[in-house]
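Chemist: Generate coordinates for the sequence data below:
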Amino acid sequence: MRAGASATLSDRVLGRSTLQRQHLLARAGLPVPEMLEHLVGLQGQVPGVPYTALWSRVAAFDPEELSSAMAGRTVVRAPLMRTTLHTVTARDCLALQPLTAPVLARTFASTAWARRLRGQDLGPALDAAGRLVAERPLTRAALAQELDLRFPELDATSLAWAFSYLAPVLQATPRGLWRRSGPSALTTIEAWLGEAPGAGMSLQTLVRRYLVAFGPASVNDVQAWCGLTRLREVTDGMDLRRYRSTGGAELLDLPDAAVPDEEAPAPVRFLGEYDNALIGYADRSRTAAGSLLDLPRGGPGGAVGTVLVDAAVRGTWALRRRGDGYALTVHPRASLRRAEKDEVLAEATALGAFLTVGADVRVEVARPEAG
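Modeler: This is a model prediction of the structure:
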């Protein structure tokens with residue numbers, strides 16, 4: 001039940017707590033499925049990003065472990081939290097989809113596609129779409145062509161988008177496999193996994209699992225991460241420890257969860273775009289302040305991201321082809337101390353070797369963007 005708020009936690013403590021819970025203070029020797037379930041999935045809108053995310057979190061990470069799990073259908077990519085694609089275990093996909101389905105439906109209702117279909121009976125078309133993608137995965141464009149033949153009175157493109165939001169779907173492989181690609185082809189969760197989503201996990205369980213991987217955090221943080229609302233009603237009935245941020249917000253945590261000291265060592269870490277360690281909060285000031293909240297987005301295949309130094313965003317990175325090899329360039333937002341720069345270069349070199357499978361990579365730190 002609700003207890004009085006206790007200690008105030010600084011941004012330095014909260015930043016280190018996030019990195020600790022995310023296994024970014026120290027890489028962990030966990031199997032990929034166990035890490036994915038600990039993190040409640042990884043943002044996977046860009047297919048390459050989960051590989052960079054796991055490389056930064058798992059000791060001696062072998063990308064084929066994730067790729068093989070996806071090919072074997074024990075790990076999938078599905079639209080879940082915040083309506084975005086997440087890489088999750090099949091078990092978590094089945095448990096999370098019923099909770100996130102209303103968010104997807106609410107989001108679709110505000111789109112132009114929904115407006116074009118307003119007042120129409122979509123049931124037969126959505127049922128037909130489900131049968132079509134169960135036979136073989138289809139892109140939205142291919143699905144729209146098939147639906148246009150069967151339901152010419154309806155806007156086929158909008159129907160395909162409606163299906164991708166309103167039906168329990170996922171993206172089929174080979175898209176998302178290591179160093180392979182494929183179309184953004186949809187199929188149903190039931191067709192791919194042999195089981196339809198059921199009742200789903202409880203909201204209390206969802207909150208607890210979020211706090212394991214992200215806490216301490218506010219109710220607004222939990223809601224920003226998953227897209228659900230009215231979670232205050234859930235947390236008010238839970239046995240949680242309560243803190244305050246320096247801005248006065250109430251922060252929640254599990255009763256037996258520890259927070260690190262604000263001087264705990266925090267190594268340099270490279271994250272891909274959209275990494276949940278940064279965007280899984282409404283208030284991101286624990287790791288990024290001011291202009292640093294403007295995180296890189298939409299990179300080419302997981303080849304751009306954010307650099308953390310001393311548990312805070314200190315710049316960005318980008319991997320680009322250059323001649324017969326590659327260049328991995330770090331763009332710091334302010335000057336780095338010599339020891340920090342050396343650590344950045346070492347981590348960048350290791351990341352470049354991982355992403356290019358040992359190709360020739362020139363690593364460089366550009367002039368600071370500010371200061």
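Chemist: contacts, neighbours, all on C-alpha from now
Modeler: Fine.
Chemist: Give me the neighbour count for residue 227.
Modeler: Using other CA atoms under 10 Å, residue 227 has 19 neighbouring residues.
Chemist: My read is that it contacts residue 101, right?
Modeler: No. Using CA atoms under 8 Å, residue 227 is not in contact with residue 101; the gap is 10.3 Å.
Chemist: partners of the most centrally placed residue in the chain in the sheet?
Modeler: Central residue of the chain (CA atoms, centre = their mean): residue 43, 1.8 Å from the mean position. Taking DSSP bridges as the rule, residue 43 bridges to residue 86.
Chemist: I am assuming it contacts residue 50, so please confirm or correct that.
Modeler: Yes. Between residue 43 and residue 50 there is a contact at 6.9 Å, judged by CA under 8 Å.
Chemist: Pull up the overlap in contacts between these two.
Modeler: When CA atoms under 8 Å, 6 or more residues apart in numbering defines a contact, the residues bordering residue 43 and residue 50 alike are residue 87.
Chemist: Which secondary structure state does the residue lying farthest from the centre of the chain sit in?
Modeler: Centroid-distance maximum for the chain: residue 153 at 37.6 Å, with CA atoms, centre = their mean. Secondary structure, DSSP: H, G, I helix; E, B strand; the rest coil: residue 153 is coil.
Chemist: and the nearest residue to residue 332 once chain neighbours are set aside, what are its phi and psi?
Modeler: Leaving aside its sequence neighbours, residue 332 sits nearest to residue 315 (CA to CA, 6 or more residues apart in numbering; 4.1 Å). For residue 315, the backbone dihedrals are phi 170, psi -170 (criterion: degrees, to the nearest 10).
Chemist: What about residue 315, how many residues nearby?
Modeler: 21.
Chemist: Number of residues surrounding residue 101?
Modeler: Other residues near residue 101 come to 20 when the count uses other CA under 10 Å.
Chemist: Helices of the stretch 201-350 of the chain, residue ranges please.
Modeler: Ranges of helices in the stretch 201-350 of the chain, per DSSP state H, counting those that start in this stretch, are 203-214, 219-226, 232-235, 276-279, 338-356.
Chemist: contact partners of the third one?
Modeler: It stands for helix 232-235. With contact meaning CA under 8 Å, 6+ apart, helix 232-235 is reached by 203, 204, 207, 219.
Chemist: Now it: buried residues?
Modeler: Buried residues in helix 232-235, counted by 16 or more other CA atoms under 10 Å: residue 235.
Chemist: Check the first one too.
Modeler: Buried residues in helix 203-214, counting neighbours by 16+ other CA under 10 Å, are found at 206, 207, 208, 209, 210, 211, 212, 213, 214.
Chemist: Now do that helix: which elements does it pack against?
Modeler: Packing partners of helix 203-214 (3 or more CA pairs under 8 Å, 6 or more residues apart in numbering; DSSP states H and E): helix 11-21, helix 32-38, helix 232-235.
Chemist: If we use 10 Å, what do you get?
Modeler: Packing partners of helix 203-214 (3 or more CA pairs under 10 Å, 6 or more residues apart in numbering; DSSP states H and E): helix 11-21, helix 32-38, helix 90-109, helix 219-226, helix 232-235, strand 250-253, helix 276-279.
Chemist: between the first one and helix 203-214, how many degrees?
Modeler: Read that as helix 11-21. Angle, helix 11-21 to helix 203-214, by axes from the mean of the first three to the mean of the last three CA atoms, to 10 degrees: 100 degrees.
Chemist: buried stuff in stretch 322-329?
Modeler: 326, 327, 328, 329.
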